[in-house]
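Visitor: Need coordinates for the following:
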Amino acid sequence: MNELDFSFENSPWELFLSGKREGDRISAAHFLTLLEQETEDAVEDAFAALDERKLMLDVSDLPVKQYTGQAALRLRQEAEIAEKALDVSGLNPTDPLRLYLEEIREMPRQTDEKALADRVAQGDQRAAEQLMHQGLHRVVEIVPEFVGYGVLMMDLLQEGGLALWQAIQVPEGDYLTRRDRAIRAAMAKAVTLQARANGVGQKMRQALEDYRAVDERLLAELGRNATLEEIALELHMTPEDAETVRKVLEDARMLQQATAPKEEEASEEEQAVEDTAYFQMRQRISELLSVLPEEDAKLLTLRFGLEKGLPMSPEDTGKALGLTVDQVLQREAKALAMLREEK
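Guide: Residues are numbered from 1 along each chain as shown. Here you go, the predicted structure:
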C-alpha cells in the first residue's frame, strides 16, 4: 500500500499569531484581513488560538458609528448612552436594557472577590453564584468600551456574562485578571465577527491596496515620501483612518518578510513590486548615502526603511531624531536634491 504524504501549510492567521507573545494586543482590522478567505470553522479556530495564547483583539481600528438597517436607530441611541456613563433614564421604563442595568446596579457589591474565588476553587458553588453576581457589575463597567461597533448592548452584556461564568468555573491564575480578560475577549469577538459579517476584512484589504498604490504614485510625483495627510487626502479619508491603514500595512509587510522563503527566487509579482518607483528610489539612495552628512544619511535611512525594510513617517522620524515634521521634510528634500546632483 502506497504511503500518502500530506503536507499542510500554516494559514496566514496562524503565521501571524506565531510571532506574537502572550498578552499582546492584535489589530482586529488586520486580523479580519487574514480571516477573509477562511471558513467559519477556521474562524472559530482562530479565536480559540487567541484565547489559548492570551492575545487580545484591539477593536479600536474597526469602523464605528456607521449604522445601517433596522437596528441603526437603536445602535445610535446606545452609543449616546455609553458616552453618558450608561445613563438609561431616556429609555422607556419597560425597556429590557434599562431594566437589566437598573437590576445590576441594585445588587450589593462585595469588595473581597478574591476570597470568593478561593472558595470557588475549593468547590463551593454557592460562592460561584455570589461571584457571578459581583462580576456582572464588572461586565457593565466594561461594556462601554465595545459599544458603537454595530453590536447591540444587550448582546454584548450577554456575551460578557457567559465569559464571566466560564472564567469563574475554570480557576487559573489571578481571578480578577482572568475575569477582565475573558469579558473583554468575548465582547471583542462579538464586535469582530459583526465586522466580518459587514465585509470589513474585504474593505480593509482594498484600503491597503489603495494606500500602497497612492503612496508609490506620490513618491514618484513628489520625489519624497508623502505625508500621512497627503495620502489621506488622495484616498478621501481622515488622517486617523489613513494611520490605521498604514499600521495594518506595516504589519502585513513584516509578516510577509518574516515568512518569505530565504533562497527562493522572486516571483513575477514580487519582481513587479521591486520594479516600482518606491523600491527604485530606495536602491538609488542606498548606493549614494555615503556622499551625505551622517545625520542626513540617518534621516533618509529611517524615512525609506533602508535598515528594516519599513519606511517611517515624518512624525516618527522626527521623534527618533529630535526634529519637527517640517524640519524632517526640509532636510529630506535637500538631501534628495544632493543625491540627484551626485547621480
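
Visitor: show me the contacts for D241.
Guide: A232 (CB atoms under 8 Å, 6 or more residues apart in numbering). (C-beta placed from N, C-alpha, C; glycine too.)

Visitor: how much space is there between L99 and Q134?
Guide: Applying CB to CB, to the nearest Å, the value for L99 to Q134 is 20 Å.

Visitor: The two: which has the busier surroundings?
Guide: Q134 (21 against 14; other CB atoms under 10 Å).

Visitor: Surely that one and D112 touch.
Guide: No. Assessed by CB atoms under 8 Å, Q134 is found out of contact with D112, at 9.5 Å.

Visitor: what about the helices in the stretch 1-150 of the chain?
Guide: Remark: helices assigned in the stretch 1-150 of the chain by DSSP state H, counting those that start in this stretch are 12-18, 28-35, 40-52, 72-83, 96-106, 113-121, 125-142.

Visitor: Could you say which of the ones you listed is packed most deeply?
Guide: helix 28-35 (a mean of 25; mean count of other CB atoms under 10 Å).

Visitor: I'd like to check the angle between it and helix 40-52, please.
Guide: Calculated by axes from the mean of the first three to the mean of the last three CA atoms, to 10 degrees, helix 28-35 forms an angle of 140 degrees with helix 40-52.

Visitor: name the helices or strands packed onto helix 28-35?
Guide: Secondary-structure packing of helix 28-35 (3 or more CB pairs under 8 Å, 6 or more residues apart in numbering; DSSP states H and E): helix 12-18, helix 40-52, strand 56-58, helix 175-197, helix 200-222, helix 239-259.

Visitor: Pull the residues that contact it.
Guide: Applying CB under 8 Å, 6+ apart, the set of residues contacting helix 28-35 is 11-13, 16, 42-43, 46, 57-59, 61-62, 188, 191-192, 195-196, 200-201, 204-205, 208, 244, 248, 251-252.

Visitor: again with stretch 123-137
Guide: 104, 107, 109-110, 113, 116-117, 119-120, 161, 164-165, 167-169, 179, 183.

Visitor: for stretch 142-156, same thing?
Guide: 59, 62-67, 71, 74-75, 78-79, 81-83, 86, 96-97, 100, 157, 160, 180, 183-184, 187-188, 190-191, 194-195, 198.

Visitor: which of the residues in it are buried?
Guide: 142-154, 156 (16 or more other CB atoms under 10 Å).

Visitor: Nearest residue to the middle of this protein?
Guide: The centre of the chain sits closest to S27, judged by CA atoms, centre = their mean, with a distance of 1.3 Å.

Visitor: Might one say that that residue is in contact with V59?
Guide: No. Using CB under 8 Å, S27 is not in contact with V59; the gap is 9.0 Å.

Visitor: Can you check which of the helices and strands packed on helix 28-35 gets nearest to V328?
Guide: Proximity to V328 (CB to CB) singles out helix 200-222 among those, at 14.1 Å.

Visitor: Now mean pLDDT and distance to E332 too, for the helices and strands packed on helix 28-35, in CSV please.
Guide: Below are those laid out as CSV (pLDDT from 0 to 100; distance: least, CB to CB, whole Å):
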stretch, mean pLDDT, distance to E332
helix 12-18, 85, 32
helix 40-52, 92, 40
strand 56-58, 92, 31
helix 175-197, 93, 37
helix 200-222, 80, 10
helix 239-259, 69, 18
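
Visitor: Could you look over the ones you listed and pick the most buried one?
Guide: helix 175-197 (a mean of 20).

Visitor: sorry, back to before: output the helices of the stretch 1-150 of the chain in a markdown table, with distance to L289 appended to each entry.
Guide: Formatted as a markdown table, the helices of the stretch 1-150 of the chain follow (distance: least, CB to CB, whole Å):
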| stretch | distance to L289 |
| --- | --- |
| helix 12-18 | 33 |
| helix 28-35 | 32 |
| helix 40-52 | 42 |
| helix 72-83 | 50 |
| helix 96-106 | 61 |
| helix 113-121 | 58 |
| helix 125-142 | 50 |
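
Visitor: For L336, which of those helices is the nearest?
Guide: Comparing the helices of the stretch 1-150 of the chain by CB to CB, helix 28-35 comes nearest, at 31.5 Å.

Visitor: Name the spans of the protein whose pLDDT lies under the cut-off.
Guide: 1-10, 64-70, 111, 251-288, 305-311, 340-343 (pLDDT under 70).

Visitor: again, only this time at 50
Guide: 1-8, 259, 262-266, 271-278 (pLDDT under 50).

Visitor: ok, F304 to N225 distance?
Guide: 7 Å.

Visitor: again, but for D241
Guide: Counting by CB to CB - D241 and N225 are separated by 19 Å.

Visitor: cool, and G23?
Guide: 33 Å.

Visitor: on that earlier part again, closest to L321 out of the helices of the stretch 1-150 of the chain?
Guide: helix 28-35 (28.1 Å).

Visitor: Could you check how far that closest one is from the centre of its chain?
Guide: From the chain centre to the centre of helix 28-35 is a distance of 8 Å (CA atoms, centre = their mean, to the nearest Å).

Visitor: again with stretch 152-172
Guide: 22 Å.

Visitor: How many residues are close by E230?
Guide: That count, for E230 with other CB under 10 Å as the rule, works out to 16.

Visitor: tell me the angle the helix or strand containing L233 makes with helix 200-222.
Guide: In this structure, L233 sits in helix 228-235 according to DSSP states H and E. Going by the same axes, to 10 degrees, helix 228-235 is angled at 110 degrees with respect to helix 200-222.
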